[in-house]
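Chemist: need a 3D model of the following:
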Amino acid sequence: MGVTKVRDRRGRRARLRLPMILRCNACNEPHTRGTRLIAFKEDLTAGERHLSAVKVFRFYFRCTSCSAEIAYKTDPENSDYIVEAGATRQLE
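Modeler: Sure thing, here's the model as predicted:
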């Protein structure tokens with residue numbers, strides 16, 4: 001059996017589309033809904049779970065214009081997402 005490489009501590013890479021409109025706090029650049037990007041996906045199920053079955057994930061990605069880090073996580077209780085750092089959510 002081979003030795004596995006140590007991956008990035010932040011989690012696994014995930015290709016996704018933004019589920020909401022965000023505005024970067026550093027450069028004020030808007031990121032529209034549906035923008036494709038590569039993010040890091042972190043599993044938070046050890047600390048938080050909804051109804052003891054639904055997993056909670058955190059996603060990190062970099063702003064495309066200034067490279068500031070933006071983070072948001074899933075909120076299965078409200079069927080939505082919560083912006084944690086680096087951006088503000090814009091109303092649609």
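
Chemist: list the residues that contact the closest residue to residue 63 other than its chain neighbours.
Modeler: The shortest distance from residue 63 to any non-neighbouring residue, by Cβ to Cβ, 6 or more residues apart in numbering, is to residue 24 (4.5 Å). (Glycine included, C-beta is placed from N, CA and C.) Applying Cβ atoms under 8 Å, 6 or more residues apart in numbering, we find residue 24 in contact with 30, 31, 63, 65, 66, 68, 70, 86, 87.

Chemist: partners of residue 24 in the sheet?
Modeler: residue 87 (DSSP bridges).

Chemist: all strands of this structure, in order?
Modeler: Under the criterion DSSP state E, the chain contains strands at 12-17, 21-24, 30-31, 36-43, 57-62, 69-75, 80-85, 87-90.

Chemist: pipe those into CSV and attach mean pLDDT per row.
Modeler: Below are these laid out as CSV (pLDDT from 0 to 100):
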stretch, mean pLDDT
strand 12-17, 91
strand 21-24, 94
strand 30-31, 93
strand 36-43, 90
strand 57-62, 92
strand 69-75, 93
strand 80-85, 94
strand 87-90, 94
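
Chemist: ok, residue 13 touching residue 59?
Modeler: No - counting by Cβ atoms under 8 Å, residue 13 stays clear of residue 59, with 10.6 Å between them.

Chemist: so which of those two has more stuff around it?
Modeler: Taking neighbours as other Cβ atoms under 10 Å, residue 13 and residue 59 compare with residue 59 leading, 21 against 11.

Chemist: count residues in the vicinity of residue 78, would you?
Modeler: Residues near residue 78, counting by other Cβ under 10 Å, number 9.

Chemist: if I look at it, how far off is residue 54?
Modeler: 12 Å (Cβ to Cβ, to the nearest Å).

Chemist: same question, residue 71
Modeler: 20 Å.

Chemist: which one's more surrounded, those two?
Modeler: Just comparing residue 71 and residue 54: by other Cβ under 10 Å the higher neighbour count belongs to residue 71, 18 against 12.
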